[in-house]
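> Predicted coordinates and the sequence they were generated for:
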Amino acid sequence: MLDWLIKYAPADYRAGELGLAHPLRPELAVLALAGVALLMWWLYRREAPRLTRARRFALVAFRTIGVALLITAVLGPVLRLRQKDDASGVIAVAIDASKSMGLSAGGPSRLDAARDALSASALERLSKAGQVRLFAFGNAVRPLDAARLGALAAGDEATHLAAGIKDIAQSVRGVPLEAMLLLTDGVDTTGGDPEAMARYAAGRGTAVHAVGFGGVGSGPDAAITAVRHPRAAQAGSLVEVGVSVARRAISGPIEVKLFRGDTFIKDVELPPQGDGPQTATLSFIAGGGGDQNSAEGASSTYRIEIPAVGGEKLLDNNRRDFRIDLQESRVEVLFVEGSPRHEFAFIRRCMSDDKVFKVVTLLRLGHDRWYTSGDEGTALANGFPKTAEALGRFKAIILSDIEAAQFPADQQKLISDFVSVRGGGLLMLGGTNSFNLGGWADTPVAELLPVRLGGASAGAFDAGEFPFELTKEGTEHEILALASDPAENASQWHVMPLLKGLNPLYSAKPGAHVLAQRPASGGSPAQVLLAVQDVGAGRVAAFASANSWRWKMLKPAADDSFRRFWSQMIRWLAAGSKELLTVEPDVGVADVGQQVTITAQVLDRAHRPANSATVTAKVKDPFGHIDELTLPWVLGEEGVYRATYRPNDVGDYEIAATAELPAAGGGAGVLEPRTAAFSAVRSSPEFSHPDLDGAALTRIAEAGEGTVDLQGKLDKAIEAIVAHASNRKVAAEAIDERELRDAPLLLLAIALCWFLEWIVRRKTGLA
Amino acid sequence: MNPRLILRALALLACVLANASAADPAPRNAQQLVQTGQFFFPRLQFTCTENLPDKWDAWPIGDQKLRDSLKAMTNINVLVDPVVVNLAHPDQLMQYPFVFMTSEAHFKLSEVDGKNLREYLLRGGFLLADDCVWNQTNESLFYASFCSEMKRLFPDQVVREVPDDHEIYTCFYKLEHVPWVQGEVHPAMGVFDHETGRLMALCTSGDIHCGWVGFQNLNQEYCKDSIKMGVNTVVYCLTH
């Protein structure tokens, strides 16, 4: 009974001392108590004539004591027990319970091996160094009873190794965490930085020891380690997917297959090689038929699969799902050309052949006579758009060999706003009516260009031939990417045919990126051939040559360089273009139960962020059930609205977002709805890297100032921990603080004070 | 006079003026327009299989007259100097994305020439071919060879008649169909890219090239239409 009243055993009170978690200075406490007493005395002044002096004193005393006890409870009364035993530190033993620990190489699983290593004798040896606390980690860290160690299963979908180290280090309080012993196969599947966390633990005085299980090179295996793909693609456009494969003990070719839903699209064969990584690239038409199968696929969930090869037993890492959202809307590009010429025809042709683009051409055939194509309406019948709304339908504008005088000042201002406010792209192509030669210097458009006009750049058009030389920056820029490797890319550009016809541009603006140049020759300095820069929300490029069609006519018909260059150029230009409403989940493929964050970006009709819109998203699950989410504005993020959703079933989820602008400012009304999608799967990244990652464990142990053993033996770690404990001198006594705030005696004492006061008041006739 | 008749007469006059405008929309001051990229009108040199008077080099004055017309009527920066490119020299051929070929005779391209022409068109080049009628028989010998050779060279592409509603007849001047000046009447034959539908090569049987020359014995209206067809073909090439 007494134990219950005072919460802990009386012996603990004898051994320890009472205190406050948030202590007050003694003089302050006395002063406060006196103040409370005087206040109570003063409060009873009106009833003084009806009270005897003794009763008034009793009332004040009860109430003062009650208040004092209440304040004490708030300040956190604790019982402090001093730990004088040298071995009182904690040894945390953490066992990896992720799925990869269930793997085996014919014998016991990795988890079983860890359990065996963590025998009773091992635990006993460890207990000499301190209190042993067991943890399991995987999806998250959780305490583990030694008695339940045998029931621990390797079922976690992920290995939060980095977070695990940190959480364990922070979960042990009041007593020093002497050492942390990790029993794992060493792979953090969540992108965390276990080394940094081990360094953090070591900084707190906790040595991190690592014991590896699993071994390396245990049987043939081909593992998909990564899949790189775009999150979204225009329907009908060419999509490239990069697949990283790690092979082990497989000498023959490895087949990599691509499926859309259950429909086979295409495959590629990785040539035989020794153990190590390989990369495959598969290209296909998004949403359309594959190279070998023309069946339309309604689903945009794709799958990379490697059929079992070479007696492979571990097949969980032979498959990876991913999702690409198909976008039906095309990138509208306005191509304005000064007069018919081959450059126009060739560039327009390659853009028209690309299903991503919808090219609207405005070709001047005479005074006030324009040839238009791609424009279903008559909006451009009279030439260049005259309003921001008419121009705003495009995502990029190409001004090709046309002089500034063709555009009145208000249209030039429209172009400037189109780039800097709307986020559109602008490209000026070379020609005898471009840049300086077209009178563009000192115009609003010249301010957008990444090159300086005037000065030396005001020279005559150079009709000669010259090479297109990439700068270092150019070899790595997406516009000029003919090959993924910069060196290979540079060599491909090196053999491109010479260009002909050049506007003299000698200087790029600060902040611009020169991607290609005409090399210096014969005393003439290098000239800018291709430069780009961001302007406001948009992007601008200057291409100083007039005859890039030579890259098409002077290369074999099968060569794709010309199309690829211009396609990448327009894609880059249009990338900054802003939609009034966009919606996107943070992942394309989520695990069932995983939280998916849905983010919407809303602009008003002037393309400014709108923070007062009403944004909703309807999420349709695979069974057709619709959940309606309200997306609140995210404080501090302009025009951004966000909500979360948790998929409960495997399948495709469709998101339909709507936004309504308020009446005040920016134009009221409902914006055009946008859609997005994601898929939910039951997958595990645990098998992407099935081998023991000895190098990672070694780095963790080094950072954590501990030991490492990759053979699944605990001896080295235990010896180090015990040796450390025996040498340790406890500089300061460890103190175990026990809370008393909820001790029943304290609560009863407070209640008793109020009760006694009430009794006295009642007897006096005050209550 | 009856007011209704006056209104009808005015309406008829308006229609006539409108049609005239549509039929001849060339700008009055085309030469004053800003002219930009350079355009060459090269003649293609190839080997004929018959020893008739007019081979690949028939009447170059016709080319010159079309170049002059292009310069006068459009804002295309046409180079008036004559250029000859040899089908056997691909490095030279590929420098010119537009070529013109004509002859009175049959022709059969050698394996190398055929390969060069196929590669030229697939890279993006455009070929305008016209049958120069051999007056002794009036037969379209060149046209017949063109059709058979194109089918041989392009088994994987579309070789067919060019329909009357094709854009090549309306992209600059409005023509009802392919013009004819003399010789046999055949539809224009085209080679189309099977994926994009782009017209890569066009062959006419009506000797429009002689219409460019403007021989006095020919119908001068037909000659004007042949000039329009030449202009349209170049504009089409430079816009598609």
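Thanks, I have the structure now.
> hey, where'd the helices end up in chain B?
For chain B, the helices defined by DSSP state H cover B:3-23, B:60-73, B:90-93, B:111-123, B:141-153, B:208-213, B:220-237.
> Could I get those in CSV, plus columns for mean pLDDT and mean neighbour count?
For the C-beta atoms, the positions are set from N, CA and C on the backbone; glycine is no exception. CSV is the format used below for the helices of chain B (pLDDT from 0 to 100; neighbours: other Cβ atoms under 10 Å in any protein chain shown):
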stretch, mean pLDDT, mean neighbour count
helix B:3-23, 39, 10
helix B:60-73, 95, 19
helix B:90-93, 95, 16
helix B:111-123, 96, 18
helix B:141-153, 95, 21
helix B:208-213, 96, 27
helix B:220-237, 97, 22
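> which one of those lies closest to A:A232?
A:A232 sits nearest to helix B:111-123 of all these, at 32.5 Å, using Cβ to Cβ.
> Alpha carbons of stretch A:162-173, as CSV, please.
Written as CSV, here are the backbone C-alpha positions of stretch A:162-173 (Å, rounded to 0.1, in the frame of the first residue of the first chain):
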residue,chain,number,x,y,z
ALA,A,162,20.8,5.2,-40.6
ALA,A,163,17.6,6.1,-38.8
GLY,A,164,18.0,3.0,-36.6
ILE,A,165,21.4,4.1,-35.3
LYS,A,166,20.1,7.6,-34.5
ASP,A,167,16.9,6.4,-32.8
ILE,A,168,18.7,3.9,-30.6
ALA,A,169,21.2,6.5,-29.6
GLN,A,170,18.5,8.9,-28.6
SER,A,171,16.2,6.3,-27.0
VAL,A,172,18.6,5.5,-24.1
ARG,A,173,18.4,8.3,-21.6
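> hang on, the earlier thing: just tell me which of the helices of chain B ends up closest to chain A.
helix B:111-123 (3.7 Å; Cβ to the nearest Cβ).
> roughly how far out does that closest one sit from the chain middle?
Relative to its parent chain, helix B:111-123 has a centroid offset of 20 Å by Cα atoms, centre = their mean, to the nearest Å.
> What's the local residue count around the closest residue to chain B within the stretch 251-400 of chain A?
Distance from chain B to each residue of the stretch 251-400 of chain A (Cβ to the nearest Cβ) is smallest for A:R341, at 2.8 Å. Applying other Cβ atoms under 10 Å in any protein chain shown, we find 25 other residues in the vicinity of A:R341.
> ditto for A:D621
That count, for A:D621 with other Cβ under 10 Å as the rule, works out to 17.
> swap in A:R53?
8.
> ok, now which ones touch A:A696?
A:186-188, A:194 (Cβ atoms under 8 Å, 6 or more residues apart in numbering or on different chains).
> Flag every residue of chain A that's near chain B.
Contact residues (Cβ under 8 Å from any Cβ of the partner chain) of chain A with chain B: A:338-346, A:348-349, A:352-353, A:361, A:363-367, A:369, A:371, A:373, A:401-403, A:431-433, A:501, A:546-547, A:549-550, A:552-557.
> Can you give me every residue that contacts the closest residue to B:G190 other than its chain neighbours?
Spatial nearest neighbour of B:G190, chain neighbours left out: B:V162 (4.2 Å); criterion: Cβ to Cβ, 6 or more residues apart in numbering or on different chains. Taking Cβ under 8 Å, 6+ apart, we find B:V162 in contact with B:168, B:178, B:187-190, B:199, B:202.
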